[in-house]
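1. Task: produce atomic coordinates for the following.
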Amino acid sequence: MKKHFGWTLIAPGKMEATHCLNRALRLAEKGEGHTRPNPPVGAVIVKAGKILGEGYHKKAGTNHAETAAIADAKKKGNDIRGASIYVTLEPCSKPGRVGACTDAISAAGISHVYYAVSDPNPTNRGRAKRVLVQHGITCDCLDRWGQAQRGRDIPVASQQELSRLVHRAQRLIAPFRKHVTTGLPYVTVKLAMSLDGRICDTTGNAKWISSAESRRGTGFMRTYVDAIMVGAETVRADNPSLLSHGKRNDDLIRVVVSRSGKLPKNAQLFTDGAPNLTLVYRDAKTALVDLGKRGCLHVLCEGGLALARSLADENLVDAWTLVTAPIVIGNRPIGEALRFKLESDGISDPKSGDRIGEYVHFTLARKTPIVL
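-> Residues are numbered from 1 along each chain as shown. You can find the predicted model right below:
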């Protein structure tokens, strides 16, 4: 991919749809954890193999991805009349805190709109296409468009890549889909455990089952969620900051579930001076209902086991991220745990898990949203 005078040239032989959608997804992912109650969205404007503008939704109340891309193109002095725009999600067709994206697309003279995923909100789904077509703009959902291209003069590899990117776009808005259809945030539970299924030793010590390398590998999760939730015992035993690792996320809400409400007043999350809001609830279900009302899309639960079990018992968990350490704790302190060396990957399907050092990371997600 080469840059020339305010536009970017798509590599020869690269299918435009796959290249632009991949770029739009990369942009959209920058907004994860910051856009609530809106979804993260990215957009790329292209004409004659040249990317003329791009953008993503950074925060509620700011430009949506489409208008950000249009503004970027204009800033670069590019003429986007007759261009195509690739968007990770169906454009909004009703004005809210900002104007409707369909109006901005029409006013800019864009002639073709491709979007990866339809709006999951039943009242808005498919409306963008009806509005755009009325303005003489061609509009295609890439999922259905990609299926229609099968058997045509498009390499099978490109069709497969497009299908994979559409699936990635669907995963990207899974929290938004859950929120607009149920009013609840998407919940991911993350646990680190030993080979014998323990998350702490007999004294209650959980530091450190996972390695520093492994913790860095999963710590990035805090950068793209809206809230991080732990139980009272985690606060008392570990005194965590619950702040994002690496990249700072001032929009991250810290949540503690405590039946008694009695927590150390000198705990980090109350005294560290961070701009992050800290909320305390008596039970997990009440917490999720309130967080949903606050517009939170994705909640990460990091501990402990009692909280994870309560969420599971209430059927509130959408995904599990498990970190399995190559140790057996038994009745020993963690420092005396038996360690094992990984002889081989032990993963028959390389897509089913990732390995950081000797630590195996994998996520299992439920197929349907939870409705209370």
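2. so where's the stretch 251-372 of the chain shaky on pLDDT?
-> Residues of the stretch 251-372 of the chain meeting the criterion pLDDT under 70: 332-337, 340-372.
3. Show me the strands in the stretch 1-150 of the chain, by range?
-> 2-4, 7-9, 42-47, 50-56, 84-87, 112-115, 138-141 (DSSP state E, counting those that start in this stretch).
4. Out of the ones you listed, flag the one nearest Arg236.
-> Distances from Arg236 to each of those were compared by Cβ to Cβ, and the smallest falls on strand 50-56, at 39.6 Å. Glycine gets a C-beta too; all of them are placed from N, C-alpha and C.
5. correct me, but Ala232 touches Leu263?
-> Yes - if you go by Cβ atoms under 8 Å, Ala232 and Leu263 touch, sitting 6.0 Å apart.
6. circling back: need the strands of the stretch 1-150 of the chain in CSV (columns: mean pLDDT and mean neighbour count).
-> Compiled in CSV, these are given as follows (pLDDT from 0 to 100; neighbours: other Cβ atoms under 10 Å):
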stretch, mean pLDDT, mean neighbour count
strand 2-4, 49, 9
strand 7-9, 53, 17
strand 42-47, 97, 28
strand 50-56, 96, 24
strand 84-87, 97, 27
strand 112-115, 96, 23
strand 138-141, 92, 17
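7. which residues in the stretch 201-350 of the chain form helices?
-> Counting by DSSP state H, counting those that start in this stretch, the segments of the stretch 201-350 of the chain that form helices are 212-219, 232-238, 268-271, 284-293, 305-313.
8. Break down the stretch 251-372 of the chain into its strands, ranges please.
-> Taking DSSP E, counting those that start in this stretch as the criterion, the stretch 251-372 of the chain carries its strands at 253-257, 278-281, 298-303, 319-324, 327-328, 338-339, 354-356, 359-365.
9. May I see the strands of the stretch 1-150 of the chain arranged in JSON lines, with distance to Ala237 as well?
-> Putting the strands of the stretch 1-150 of the chain into JSON lines (distance: least, Cβ to Cβ, whole Å) gives the following:
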{"stretch": "strand 2-4", "distance to Ala237": "52"}
{"stretch": "strand 7-9", "distance to Ala237": "51"}
{"stretch": "strand 42-47", "distance to Ala237": "40"}
{"stretch": "strand 50-56", "distance to Ala237": "39"}
{"stretch": "strand 84-87", "distance to Ala237": "45"}
{"stretch": "strand 112-115", "distance to Ala237": "47"}
{"stretch": "strand 138-141", "distance to Ala237": "49"}
